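J.: Structure for this input, please:
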Amino acid sequence: MIYLVWSLPLIAIAVLMATGRASSVGAGLCGALVAIVVALASAPISVTALDVLTASAKGLWLSWLVAAVIFAGLFFREVVSKEEVVSKKVDDLLKPEPASTSATRRRVFAACFLVGPFAEAATGFGVGQVATVAVLHRIGLAPIHVVLLALFSQTLVSWGAMANGTIVGAEFAGITPRELGTHGAILSVPLLLGWLVIFWRMAASAGLGGLGKNSLIELIWVVSAAALLILANQLLGPEIAAMAALGPLIVLQFWVDERPDLARWKSTLRVGLPYAVLIAGLAASRGVPALTDWLRDTAAVRPFAGAPTWFPLLHPGSWLFVVGLITAVATGRAQAVPYAVRMMWFRGKKAVLTISIYLIIARVLADSGIAAALAQGLGYTLGPFAALATPWLAGAFGFLTGSSNAANGLLMASQVHISENGGIPRAWIAAIQNTAAAALTMLSPARVAMGCALVERRDLEREVYRQGWMLGATPLFILMSVAALFLFF
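T.: This next block holds a predicted model:
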(Lines give C-alpha, C1' and ligand atoms only; values in the text may rest on other atoms or scores of the structure.)
Protein backbone atom coordinates (compact mmCIF):
# COMPACT_ATOMS: atom_id res chain seq x y z
CA MET A 1 0.00 0.00 0.00
CA ILE A 2 2.82 2.39 0.88
CA TYR A 3 4.31 2.02 -2.60
CA LEU A 4 1.00 3.10 -4.11
CA VAL A 5 1.06 6.18 -1.90
CA TRP A 6 4.62 7.00 -3.02
CA SER A 7 3.52 6.60 -6.65
CA LEU A 8 0.63 9.05 -6.33
CA PRO A 9 2.49 12.09 -7.77
CA LEU A 10 3.37 10.18 -10.94
CA ILE A 11 -0.10 8.65 -11.17
CA ALA A 12 -1.79 12.05 -10.79
CA ILE A 13 0.32 13.56 -13.58
CA ALA A 14 -0.19 10.58 -15.90
CA VAL A 15 -3.97 10.50 -15.40
CA LEU A 16 -4.46 14.24 -15.88
CA MET A 17 -2.36 14.34 -19.03
CA ALA A 18 -3.82 11.13 -20.47
CA THR A 19 -7.40 12.31 -20.00
CA GLY A 20 -6.64 15.76 -21.38
CA ARG A 21 -8.19 17.43 -18.35
CA ALA A 22 -5.13 19.56 -17.72
CA SER A 23 -2.21 21.02 -19.59
CA SER A 24 1.35 19.99 -18.76
CA VAL A 25 1.53 22.98 -16.38
CA GLY A 26 -1.75 22.11 -14.66
CA ALA A 27 -0.84 18.43 -14.33
CA GLY A 28 2.58 19.40 -13.01
CA LEU A 29 1.18 21.73 -10.38
CA CYS A 30 -1.16 18.99 -9.20
CA GLY A 31 1.68 16.48 -9.15
CA ALA A 32 3.91 18.89 -7.22
CA LEU A 33 1.23 19.42 -4.57
CA VAL A 34 0.72 15.66 -4.20
CA ALA A 35 4.49 15.07 -4.07
CA ILE A 36 4.91 17.60 -1.26
CA VAL A 37 2.03 16.13 0.77
CA VAL A 38 3.28 12.57 0.30
CA ALA A 39 6.87 13.55 1.16
CA LEU A 40 5.81 15.29 4.39
CA ALA A 41 3.37 12.56 5.41
CA SER A 42 5.00 9.25 4.53
CA ALA A 43 8.41 9.55 2.84
CA PRO A 44 11.02 6.82 3.52
CA ILE A 45 13.33 9.56 4.79
CA SER A 46 11.86 11.87 7.41
CA VAL A 47 11.62 15.35 5.90
CA THR A 48 10.45 18.68 7.24
CA ALA A 49 8.86 21.63 5.51
CA LEU A 50 12.33 23.21 5.36
CA ASP A 51 13.68 20.11 3.61
CA VAL A 52 10.91 20.30 1.05
CA LEU A 53 11.60 23.98 0.53
CA THR A 54 15.31 23.22 0.01
CA ALA A 55 14.49 20.45 -2.46
CA SER A 56 12.22 22.84 -4.33
CA ALA A 57 15.02 25.41 -4.45
CA LYS A 58 17.33 22.75 -5.90
CA GLY A 59 14.70 21.99 -8.53
CA LEU A 60 14.46 25.67 -9.41
CA TRP A 61 18.25 25.85 -9.72
CA LEU A 62 18.25 22.86 -12.06
CA SER A 63 15.48 24.49 -14.06
CA TRP A 64 17.59 27.63 -14.45
CA LEU A 65 20.34 25.58 -16.12
CA VAL A 66 17.79 24.36 -18.67
CA ALA A 67 15.84 27.63 -18.88
CA ALA A 68 19.01 29.49 -19.81
CA VAL A 69 19.28 27.30 -22.90
CA ILE A 70 15.62 27.73 -23.82
CA PHE A 71 15.66 31.51 -23.52
CA ALA A 72 19.03 31.80 -25.27
CA GLY A 73 17.88 29.35 -27.95
CA LEU A 74 14.81 31.45 -28.65
CA PHE A 75 16.97 34.58 -28.82
CA PHE A 76 19.39 32.85 -31.17
CA ARG A 77 16.50 31.56 -33.30
CA GLU A 78 14.94 35.04 -33.54
CA VAL A 79 18.20 36.67 -34.62
CA VAL A 80 19.32 33.96 -37.04
CA SER A 81 15.89 33.51 -38.62
CA LYS A 82 15.86 37.19 -39.52
CA GLU A 83 19.26 36.77 -41.16
CA GLU A 84 17.91 33.78 -43.11
CA VAL A 85 15.06 35.93 -44.42
CA VAL A 86 17.24 38.84 -45.51
CA SER A 87 19.70 36.45 -47.17
CA LYS A 88 17.01 35.11 -49.50
CA LYS A 89 15.92 36.71 -52.72
CA VAL A 90 12.47 38.26 -52.83
CA ASP A 91 11.46 35.79 -55.55
CA ASP A 92 12.41 32.90 -53.28
CA LEU A 93 10.20 34.25 -50.52
CA LEU A 94 7.26 34.73 -52.86
CA LYS A 95 7.62 31.23 -54.33
CA PRO A 96 8.20 28.78 -51.50
CA GLU A 97 9.13 25.26 -52.55
CA PRO A 98 6.14 22.85 -52.54
CA ALA A 99 6.28 20.59 -49.49
CA SER A 100 5.56 17.50 -51.61
CA THR A 101 8.77 17.53 -53.64
CA SER A 102 11.34 14.77 -53.26
CA ALA A 103 14.09 17.29 -52.52
CA THR A 104 12.09 18.72 -49.63
CA ARG A 105 11.54 15.24 -48.21
CA ARG A 106 15.30 14.66 -48.25
CA ARG A 107 15.95 17.95 -46.46
CA VAL A 108 13.39 17.13 -43.79
CA PHE A 109 14.93 13.72 -43.20
CA ALA A 110 18.44 15.18 -42.97
CA ALA A 111 17.27 17.80 -40.48
CA CYS A 112 15.50 15.23 -38.29
CA PHE A 113 18.01 12.36 -38.27
CA LEU A 114 21.37 13.98 -39.07
CA VAL A 115 21.62 17.73 -38.44
CA GLY A 116 19.38 17.87 -35.35
CA PRO A 117 20.99 14.93 -33.53
CA PHE A 118 24.45 16.29 -34.42
CA ALA A 119 23.62 19.68 -32.90
CA GLU A 120 22.16 17.95 -29.84
CA ALA A 121 25.31 15.85 -29.45
CA ALA A 122 27.49 18.95 -29.53
CA THR A 123 25.37 21.11 -27.24
CA GLY A 124 22.55 19.24 -25.54
CA PHE A 125 19.62 20.85 -23.72
CA GLY A 126 17.37 20.74 -26.79
CA VAL A 127 19.60 22.92 -28.99
CA GLY A 128 19.24 20.28 -31.72
CA GLN A 129 15.52 20.95 -31.57
CA VAL A 130 16.15 24.65 -32.17
CA ALA A 131 18.23 23.89 -35.27
CA THR A 132 15.70 21.39 -36.63
CA VAL A 133 12.74 23.72 -36.12
CA ALA A 134 14.65 26.37 -38.07
CA VAL A 135 15.03 24.05 -41.07
CA LEU A 136 11.45 22.74 -40.99
CA HIS A 137 9.99 26.21 -40.50
CA ARG A 138 11.74 27.49 -43.63
CA ILE A 139 10.20 24.68 -45.66
CA GLY A 140 6.72 25.91 -44.85
CA LEU A 141 5.22 22.94 -42.98
CA ALA A 142 2.24 23.43 -40.69
CA PRO A 143 3.22 24.22 -37.07
CA ILE A 144 1.99 20.87 -35.70
CA HIS A 145 4.15 18.98 -38.21
CA VAL A 146 7.15 21.19 -37.45
CA VAL A 147 6.87 20.43 -33.72
CA LEU A 148 6.33 16.68 -34.20
CA LEU A 149 9.09 16.19 -36.76
CA ALA A 150 11.56 18.32 -34.79
CA LEU A 151 11.25 15.85 -31.90
CA PHE A 152 13.30 13.39 -33.98
CA SER A 153 16.28 15.65 -33.28
CA GLN A 154 16.24 14.04 -29.81
CA THR A 155 16.82 10.46 -30.99
CA LEU A 156 20.44 10.42 -29.74
CA VAL A 157 20.04 12.19 -26.41
CA SER A 158 22.32 9.60 -24.76
CA TRP A 159 25.14 11.42 -26.55
CA GLY A 160 23.71 14.91 -26.03
CA ALA A 161 25.93 17.60 -24.52
CA MET A 162 29.03 15.50 -25.21
CA ALA A 163 27.35 12.41 -23.64
CA ASN A 164 27.09 14.08 -20.24
CA GLY A 165 24.19 11.87 -19.11
CA THR A 166 25.96 8.71 -20.23
CA ILE A 167 29.09 9.67 -18.29
CA VAL A 168 27.01 10.28 -15.15
CA GLY A 169 25.22 6.96 -15.67
CA ALA A 170 28.49 5.07 -16.08
CA GLU A 171 29.77 6.53 -12.81
CA PHE A 172 26.69 5.33 -10.88
CA ALA A 173 26.71 1.95 -12.68
CA GLY A 174 30.37 1.26 -11.94
CA ILE A 175 31.40 0.74 -15.57
CA THR A 176 33.41 2.80 -18.04
CA PRO A 177 31.70 5.47 -20.20
CA ARG A 178 33.00 3.71 -23.32
CA GLU A 179 31.36 0.44 -22.24
CA LEU A 180 28.04 2.10 -21.49
CA GLY A 181 28.19 4.13 -24.70
CA THR A 182 28.85 1.06 -26.85
CA HIS A 183 26.05 -0.98 -25.28
CA GLY A 184 23.72 2.00 -25.61
CA ALA A 185 24.65 2.39 -29.28
CA ILE A 186 23.75 -1.26 -29.90
CA LEU A 187 20.38 -0.74 -28.19
CA SER A 188 19.83 2.37 -30.30
CA VAL A 189 19.77 0.34 -33.52
CA PRO A 190 16.21 -1.07 -33.06
CA LEU A 191 15.11 2.25 -31.55
CA LEU A 192 16.29 4.22 -34.59
CA LEU A 193 14.56 1.77 -36.92
CA GLY A 194 11.34 2.04 -34.92
CA TRP A 195 11.50 5.83 -34.95
CA LEU A 196 12.19 5.76 -38.71
CA VAL A 197 8.91 3.90 -39.29
CA ILE A 198 7.10 6.55 -37.23
CA PHE A 199 8.88 9.25 -39.23
CA TRP A 200 7.55 7.73 -42.47
CA ARG A 201 4.02 7.91 -41.11
CA MET A 202 4.40 11.50 -39.87
CA ALA A 203 6.08 12.59 -43.11
CA ALA A 204 3.17 11.20 -45.11
CA SER A 205 0.73 13.03 -42.81
CA ALA A 206 2.67 16.26 -43.43
CA GLY A 207 2.34 15.84 -47.21
CA LEU A 208 5.93 14.80 -47.77
CA GLY A 209 5.13 11.59 -49.64
CA GLY A 210 4.66 8.00 -48.52
CA LEU A 211 6.77 4.87 -48.83
CA GLY A 212 8.94 4.60 -51.89
CA LYS A 213 12.46 5.22 -53.07
CA ASN A 214 13.03 7.92 -50.46
CA SER A 215 12.20 5.47 -47.67
CA LEU A 216 14.77 2.97 -48.85
CA ILE A 217 17.43 5.67 -49.04
CA GLU A 218 16.47 6.90 -45.57
CA LEU A 219 16.80 3.37 -44.23
CA ILE A 220 20.33 3.17 -45.64
CA TRP A 221 21.26 6.49 -44.00
CA VAL A 222 19.90 5.37 -40.60
CA VAL A 223 21.62 1.98 -40.72
CA SER A 224 24.88 3.69 -41.71
CA ALA A 225 24.55 6.18 -38.85
CA ALA A 226 23.83 3.37 -36.36
CA ALA A 227 26.84 1.33 -37.53
CA LEU A 228 29.16 4.35 -37.34
CA LEU A 229 27.78 5.21 -33.90
CA ILE A 230 28.69 1.78 -32.53
CA LEU A 231 32.16 1.96 -34.09
CA ALA A 232 32.77 5.50 -32.83
CA ASN A 233 31.80 4.56 -29.26
CA GLN A 234 34.20 1.63 -29.32
CA LEU A 235 37.11 3.60 -30.77
CA LEU A 236 36.61 7.13 -29.43
CA GLY A 237 34.33 6.87 -26.42
CA PRO A 238 30.85 8.42 -26.08
CA GLU A 239 31.84 12.08 -25.68
CA ILE A 240 32.37 12.74 -29.40
CA ALA A 241 30.95 9.51 -30.82
CA ALA A 242 27.71 10.94 -32.22
CA MET A 243 29.44 13.93 -33.81
CA ALA A 244 32.11 11.67 -35.31
CA ALA A 245 29.43 9.37 -36.72
CA LEU A 246 27.04 12.02 -38.05
CA GLY A 247 29.44 14.74 -39.23
CA PRO A 248 30.73 12.92 -42.33
CA LEU A 249 27.20 11.75 -43.18
CA ILE A 250 25.87 15.33 -43.08
CA VAL A 251 28.49 16.53 -45.55
CA LEU A 252 27.98 13.47 -47.79
CA GLN A 253 24.19 13.83 -47.72
CA PHE A 254 24.35 17.50 -48.67
CA TRP A 255 26.71 16.80 -51.57
CA VAL A 256 24.74 13.77 -52.85
CA ASP A 257 21.25 15.25 -52.54
CA GLU A 258 21.88 18.90 -53.37
CA ARG A 259 24.78 18.72 -55.87
CA PRO A 260 25.65 22.31 -54.88
CA ASP A 261 27.64 24.63 -57.07
CA LEU A 262 29.99 27.25 -55.63
CA ALA A 263 27.19 29.81 -55.27
CA ARG A 264 25.07 27.30 -53.36
CA TRP A 265 27.96 26.44 -51.05
CA LYS A 266 28.41 30.14 -50.30
CA SER A 267 24.68 30.67 -49.69
CA THR A 268 24.52 27.65 -47.41
CA LEU A 269 27.61 28.81 -45.56
CA ARG A 270 26.10 32.24 -44.93
CA VAL A 271 22.88 30.83 -43.48
CA GLY A 272 24.60 28.01 -41.63
CA LEU A 273 27.60 29.94 -40.33
CA PRO A 274 26.03 30.90 -36.96
CA TYR A 275 25.08 27.23 -36.38
CA ALA A 276 28.56 26.09 -37.42
CA VAL A 277 30.25 28.58 -35.10
CA LEU A 278 27.95 27.55 -32.25
CA ILE A 279 28.57 23.83 -32.68
CA ALA A 280 32.31 24.17 -33.30
CA GLY A 281 32.74 26.48 -30.31
CA LEU A 282 30.82 24.20 -27.97
CA ALA A 283 32.65 21.13 -29.25
CA ALA A 284 36.02 22.84 -28.71
CA SER A 285 35.00 24.04 -25.24
CA ARG A 286 34.36 20.42 -24.26
CA GLY A 287 36.90 18.59 -26.40
CA VAL A 288 40.06 20.66 -25.78
CA PRO A 289 41.13 19.95 -22.17
CA ALA A 290 43.16 23.15 -21.68
CA LEU A 291 40.32 25.34 -22.97
CA THR A 292 37.76 23.41 -20.92
CA ASP A 293 39.78 23.88 -17.74
CA TRP A 294 40.22 27.61 -18.37
CA LEU A 295 36.53 28.19 -19.08
CA ARG A 296 35.54 26.14 -16.03
CA ASP A 297 37.97 27.85 -13.65
CA THR A 298 37.17 31.38 -14.82
CA ALA A 299 33.60 31.38 -13.48
CA ALA A 300 31.56 28.90 -11.44
CA VAL A 301 28.33 29.19 -9.44
CA ARG A 302 27.12 26.49 -7.04
CA PRO A 303 24.43 27.69 -4.61
CA PHE A 304 23.65 24.26 -3.06
CA ALA A 305 25.80 21.41 -1.83
CA GLY A 306 25.16 18.40 -4.03
CA ALA A 307 23.61 20.57 -6.77
CA PRO A 308 25.21 20.90 -10.20
CA THR A 309 27.61 23.76 -10.72
CA TRP A 310 26.84 26.41 -13.33
CA PHE A 311 29.85 27.24 -15.45
CA PRO A 312 28.68 30.30 -17.41
CA LEU A 313 31.48 30.15 -19.99
CA LEU A 314 30.85 26.47 -20.69
CA HIS A 315 27.06 26.50 -20.62
CA PRO A 316 25.27 26.13 -23.99
CA GLY A 317 22.92 28.99 -23.12
CA SER A 318 25.83 31.42 -22.89
CA TRP A 319 27.16 30.32 -26.27
CA LEU A 320 23.73 30.56 -27.88
CA PHE A 321 23.20 34.10 -26.61
CA VAL A 322 26.71 35.34 -27.48
CA VAL A 323 26.72 33.83 -30.98
CA GLY A 324 23.25 35.29 -31.59
CA LEU A 325 24.42 38.69 -30.36
CA ILE A 326 27.53 38.58 -32.57
CA THR A 327 25.36 37.59 -35.55
CA ALA A 328 23.08 40.58 -34.99
CA VAL A 329 26.02 43.01 -34.73
CA ALA A 330 27.94 41.51 -37.66
CA THR A 331 24.91 41.75 -39.96
CA GLY A 332 24.14 45.34 -39.00
CA ARG A 333 20.99 44.54 -36.99
CA ALA A 334 22.10 45.40 -33.47
CA GLN A 335 19.00 47.57 -33.08
CA ALA A 336 16.86 44.41 -33.32
CA VAL A 337 18.38 42.90 -30.17
CA PRO A 338 15.86 44.45 -27.68
CA TYR A 339 12.96 43.12 -29.76
CA ALA A 340 14.58 39.67 -29.88
CA VAL A 341 14.91 39.72 -26.09
CA ARG A 342 11.22 40.60 -25.67
CA MET A 343 10.18 37.81 -28.03
CA MET A 344 12.51 35.42 -26.19
CA TRP A 345 10.65 36.08 -22.94
CA PHE A 346 7.19 36.01 -24.48
CA ARG A 347 7.71 32.68 -26.26
CA GLY A 348 9.74 30.93 -23.59
CA LYS A 349 8.14 31.78 -20.26
CA LYS A 350 5.57 28.96 -20.34
CA ALA A 351 8.16 26.37 -21.33
CA VAL A 352 10.39 27.49 -18.46
CA LEU A 353 7.49 27.38 -16.00
CA THR A 354 6.71 23.83 -17.11
CA ILE A 355 10.30 22.70 -16.64
CA SER A 356 10.54 24.33 -13.22
CA ILE A 357 7.48 22.52 -11.92
CA TYR A 358 8.61 19.07 -13.06
CA LEU A 359 12.16 19.47 -11.78
CA ILE A 360 10.80 20.51 -8.39
CA ILE A 361 8.79 17.28 -8.34
CA ALA A 362 11.87 15.25 -9.25
CA ARG A 363 13.98 16.83 -6.49
CA VAL A 364 11.28 16.39 -3.85
CA LEU A 365 10.91 12.71 -4.78
CA ALA A 366 14.69 12.24 -4.77
CA ASP A 367 15.54 14.07 -1.55
CA SER A 368 12.71 12.38 0.36
CA GLY A 369 13.93 8.94 -0.72
CA ILE A 370 10.74 8.16 -2.65
CA ALA A 371 12.47 7.69 -6.02
CA ALA A 372 14.98 5.16 -4.68
CA ALA A 373 12.31 3.40 -2.62
CA LEU A 374 10.09 2.92 -5.66
CA ALA A 375 12.95 1.27 -7.52
CA GLN A 376 13.76 -0.98 -4.57
CA GLY A 377 10.09 -1.81 -4.13
CA LEU A 378 9.94 -3.07 -7.69
CA GLY A 379 12.86 -5.36 -6.90
CA TYR A 380 11.17 -6.74 -3.80
CA THR A 381 7.81 -7.21 -5.51
CA LEU A 382 8.82 -8.55 -8.91
CA GLY A 383 12.04 -10.33 -8.02
CA PRO A 384 14.06 -11.21 -11.13
CA PHE A 385 11.31 -9.74 -13.32
CA ALA A 386 11.85 -6.27 -11.85
CA ALA A 387 14.19 -5.54 -14.74
CA LEU A 388 11.14 -5.50 -17.02
CA ALA A 389 10.05 -2.33 -15.22
CA THR A 390 13.42 -0.60 -15.65
CA PRO A 391 12.51 1.03 -19.00
CA TRP A 392 9.24 2.30 -17.58
CA LEU A 393 10.71 3.75 -14.40
CA ALA A 394 13.70 5.27 -16.20
CA GLY A 395 11.40 6.59 -18.92
CA ALA A 396 9.05 8.14 -16.36
CA PHE A 397 11.86 10.16 -14.79
CA GLY A 398 13.35 11.02 -18.17
CA PHE A 399 9.91 12.30 -19.15
CA LEU A 400 9.43 14.26 -15.94
CA THR A 401 12.85 15.90 -15.81
CA GLY A 402 13.64 16.14 -19.54
CA SER A 403 17.13 14.90 -18.68
CA SER A 404 18.79 11.48 -18.68
CA ASN A 405 21.30 13.09 -16.32
CA ALA A 406 18.72 13.50 -13.59
CA ALA A 407 17.12 10.10 -14.20
CA ASN A 408 20.48 8.33 -14.03
CA GLY A 409 21.41 10.15 -10.86
CA LEU A 410 18.14 9.14 -9.23
CA LEU A 411 17.84 5.54 -10.39
CA MET A 412 20.99 4.03 -11.91
CA ALA A 413 22.49 2.58 -8.74
CA SER A 414 19.26 0.84 -7.71
CA GLN A 415 18.64 -0.49 -11.24
CA VAL A 416 22.12 -2.02 -11.39
CA HIS A 417 21.41 -3.70 -8.06
CA ILE A 418 18.24 -5.20 -9.56
CA SER A 419 20.27 -6.61 -12.45
CA GLU A 420 22.58 -8.47 -10.08
CA ASN A 421 19.58 -10.26 -8.60
CA GLY A 422 17.93 -10.93 -11.95
CA GLY A 423 20.89 -12.19 -13.94
CA ILE A 424 21.09 -9.36 -16.50
CA PRO A 425 24.70 -8.22 -17.05
CA ARG A 426 25.48 -4.91 -15.38
CA ALA A 427 26.43 -3.15 -18.62
CA TRP A 428 23.19 -4.13 -20.33
CA ILE A 429 20.82 -3.09 -17.52
CA ALA A 430 22.75 0.19 -17.25
CA ALA A 431 22.35 0.69 -21.01
CA ILE A 432 18.62 -0.04 -20.81
CA GLN A 433 18.24 2.48 -17.97
CA ASN A 434 20.29 5.13 -19.74
CA THR A 435 18.65 4.61 -23.14
CA ALA A 436 15.09 4.59 -21.79
CA ALA A 437 15.63 7.76 -19.77
CA ALA A 438 17.15 9.52 -22.79
CA ALA A 439 14.47 8.30 -25.21
CA LEU A 440 11.56 9.61 -23.15
CA THR A 441 13.07 13.08 -22.84
CA MET A 442 11.86 13.44 -26.42
CA LEU A 443 8.28 13.76 -25.17
CA SER A 444 9.05 15.55 -21.92
CA PRO A 445 6.92 18.60 -21.13
CA ALA A 446 10.08 20.69 -21.49
CA ARG A 447 10.74 19.56 -25.08
CA VAL A 448 7.11 19.77 -26.18
CA ALA A 449 6.66 23.20 -24.62
CA MET A 450 9.90 24.37 -26.22
CA GLY A 451 8.84 23.14 -29.67
CA CYS A 452 5.48 24.86 -29.38
CA ALA A 453 7.18 28.06 -28.25
CA LEU A 454 9.54 27.99 -31.22
CA VAL A 455 6.62 27.88 -33.69
CA GLU A 456 4.65 30.43 -31.62
CA ARG A 457 1.77 28.01 -31.02
CA ARG A 458 1.67 27.23 -27.32
CA ASP A 459 -1.84 25.82 -27.73
CA LEU A 460 -0.53 22.76 -29.61
CA GLU A 461 0.84 20.80 -26.63
CA ARG A 462 -2.15 18.48 -26.23
CA GLU A 463 -2.28 17.78 -29.98
CA VAL A 464 1.44 16.98 -30.01
CA TYR A 465 0.91 14.33 -27.35
CA ARG A 466 -2.16 12.98 -29.13
CA GLN A 467 -0.29 12.49 -32.39
CA GLY A 468 3.17 11.77 -31.03
CA TRP A 469 2.63 9.27 -28.22
CA MET A 470 4.15 6.46 -30.31
CA LEU A 471 7.50 8.26 -30.14
CA GLY A 472 7.63 7.26 -26.47
CA ALA A 473 5.73 3.96 -26.59
CA THR A 474 8.02 2.46 -29.24
CA PRO A 475 11.31 2.67 -27.28
CA LEU A 476 9.59 1.48 -24.09
CA PHE A 477 8.25 -1.61 -25.87
CA ILE A 478 11.59 -2.36 -27.55
CA LEU A 479 13.66 -1.96 -24.38
CA MET A 480 11.24 -4.03 -22.29
CA SER A 481 11.49 -6.74 -24.97
CA VAL A 482 15.30 -6.63 -24.72
CA ALA A 483 15.09 -7.05 -20.95
CA ALA A 484 12.68 -9.94 -21.40
CA LEU A 485 15.06 -11.67 -23.80
CA PHE A 486 17.82 -11.54 -21.20
CA LEU A 487 15.54 -12.90 -18.50
CA PHE A 488 14.08 -15.77 -20.47
CA PHE A 489 16.96 -16.79 -22.74
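J.: What is the neighbour count of Gly140?
T.: Per other C-beta atoms under 10 Å, the neighbour tally for Gly140 reads 12. Just so you know, the C-beta spots here come from the backbone N, C-alpha and C atoms, and that holds for glycine as well.
J.: Check Ala299 too.
T.: The number of residues near Ala299, taken as other C-beta under 10 Å, comes to 13.
J.: now Trp469
T.: Around Trp469 there are 12 residues (other C-beta under 10 Å).
J.: what's the closest non-adjacent residue to it?
T.: Leu443 (7.5 Å; C-beta to C-beta, 6 or more residues apart in numbering).
J.: next one: the host helix or strand of Gln129 to chain centre, how far?
T.: Applying DSSP states H and E as the criterion places Gln129 in helix 127-139. Computed by C-alpha atoms, centre = their mean, to the nearest Å, the chain-centroid distance of helix 127-139 equals 14 Å.
J.: who does it touch, helix- and strand-wise?
T.: helix 49-87, helix 102-110, helix 116-123, helix 143-150, helix 316-330, helix 445-454 (3 or more C-beta pairs under 8 Å, 6 or more residues apart in numbering; DSSP states H and E).
J.: Lowest average pLDDT across those?
T.: Sorting these by mean pLDDT places helix 49-87 lowest, at a mean of 77.
J.: Now do it against helix 116-123, angle only.
T.: Counting by axes from the mean of the first three to the mean of the last three C-alpha atoms, to 10 degrees, helix 49-87 lies at 120 degrees to helix 116-123.
J.: Please report how far the residue nearest to Trp469 lies from Ala396.
T.: As for Leu443, its distance to Ala396 is 11 Å (criterion: C-beta to C-beta, to the nearest Å).
J.: before we move on, what about Gly212?
T.: 38 Å.
J.: cool, and Glu456?
T.: On the measure of C-beta to C-beta, Glu456 and Ala396 end up 30 Å apart.
J.: Comparing those two, which residue is more hemmed in?
T.: The neighbour count for Glu456 versus Ala396, taken as other C-beta under 10 Å, is higher for Ala396 (23 against 12).
J.: Would you tell me what helix or strand that one is located in?
T.: In this structure, Ala396 sits in helix 390-401 according to DSSP H and E.
J.: Which parts of the stretch 151-300 of the chain are strands?
T.: Secondary structure of the stretch 151-300 of the chain (DSSP state E, counting those that start in this stretch): no strands present.
J.: give me the low-pLDDT residue ranges for it?
T.: 162, 210-211, 267-268, 271, 279, 286 (pLDDT under 70).
J.: for it, what spans make up the helices?
T.: Listed in chain order, the helices of the stretch 151-300 of the chain (DSSP state H, counting those that start in this stretch) span residues 160-173, 177-205, 213-236, 241-258, 262-287, 289-298.
J.: For the residue lying closest to Arg458 once chain neighbours are set aside, give me its contacts.
T.: Spatial nearest neighbour of Arg458, excluding adjacent residues (C-beta to C-beta, 6+ apart): Cys452 at 5.0 Å. The neighbourhood of Cys452, defined by C-beta atoms under 8 Å, 6 or more residues apart in numbering, consists of 147, 351, 458-461, 464.
J.: With Ile250 as the reference, measure out to the residue nearest to Gln154 when sequence neighbours are not counted.
T.: In space, Gln154 comes closest to Met442 once its chain neighbours are excluded; the distance is 4.1 Å by C-beta to C-beta, 6+ apart. Distance, Met442 to Ile250, by C-beta to C-beta: 21 Å.
J.: Which one of those two is surrounded by more residues?
T.: A direct count of neighbours by other C-beta under 10 Å for Met442 and Ile250 places Met442 higher, at 23 against 15.
J.: Pretty sure that one sits in a helix.
T.: Yes - counting by DSSP: H, G, I helix; E, B strand; the rest coil, Met442 is located in a helix.
J.: Give me the pLDDT for it.
T.: The model's pLDDT for Met442 equals 94.
J.: Contact partners for the residue nearest to Thr176 when sequence neighbours are not counted?
T.: The shortest distance from Thr176 to any non-neighbouring residue, by C-beta to C-beta, 6+ apart, is to Ala170 (6.1 Å). Each residue near Ala170 by C-beta under 8 Å, 6+ apart is listed here: 176-177, 179-181, 430.
J.: If we use 7 Å, what do you get?
T.: By C-beta atoms under 7 Å, 6 or more residues apart in numbering, the contact set of Ala170 is 176-177, 180.
J.: same deal with Glu258?
T.: Arg264.
J.: Quick check: the gap between it and Ile250.
T.: 12 Å.
J.: circling back to that earlier point, is it true that the residue nearest to Trp469 touches Ala473?
T.: No - in this structure Leu443 lies outside contact range of Ala473 using C-beta atoms under 7 Å: 9.5 Å.
J.: Quickly list what's touching both of those two.
T.: Counting by C-beta under 7 Å, 6+ apart, nothing touches both Leu443 and Ala473.
J.: So between these two, which is more surrounded?
T.: Leu443 (23 against 15).
J.: Next up, the contacts around the closest residue to Phe75 other than its chain neighbours.
T.: Using C-beta to C-beta, 6+ apart and skipping residues adjacent in sequence, the residue nearest Phe75 is Met344, 4.3 Å away. If you count contacts by C-beta under 7 Å, 6+ apart, Met344 has them with 71, 74-75, 78.
J.: Of the residues you listed, which qualify as buried by neighbour count?
T.: Those of these that meet the buried threshold are 71, 74-75, 78, by 16 or more other C-beta atoms under 10 Å.
J.: picking that back up, drop anything exposed from the contacts of Ala170.
T.: Buried, going by 16+ other C-beta under 10 Å: 177, 180, out of the contacts of Ala170.
J.: Would you tell me which one of the contacts of Ala170 comes nearest to Met243?
T.: Pro177 (15.3 Å; C-beta to C-beta).
J.: Could you list the residues in contact with stretch 456-470?
T.: So stretch 456-470 is in contact with 17, 20, 23-24, 143-144, 147-148, 151, 198, 347, 350, 443, 448-449, 452, going by C-beta under 7 Å, 6+ apart.
J.: List the buried residues in that stretch.
T.: 457, 460-461, 464-465, 467-468, 470.
J.: average pLDDT across that stretch?
T.: Here the average pLDDT along stretch 456-470 is 90.
J.: in the stretch 351-489 of the chain, what spans have low per-residue confidence?
T.: In the stretch 351-489 of the chain, residues with pLDDT under 70: 351, 384, 401, 406, 409-410, 413, 419-422.
J.: still on that earlier bit, now do the helix holding Gln129: everything it contacts.
T.: Against helix 127-139 from outside (C-beta under 7 Å, 6+ apart): 69, 73, 76-77, 80-81, 84, 99, 104, 107-108, 111-112, 115-117, 119-120, 146, 149-150, 153-154, 275, 316, 320, 447, 450-451, 454-455.
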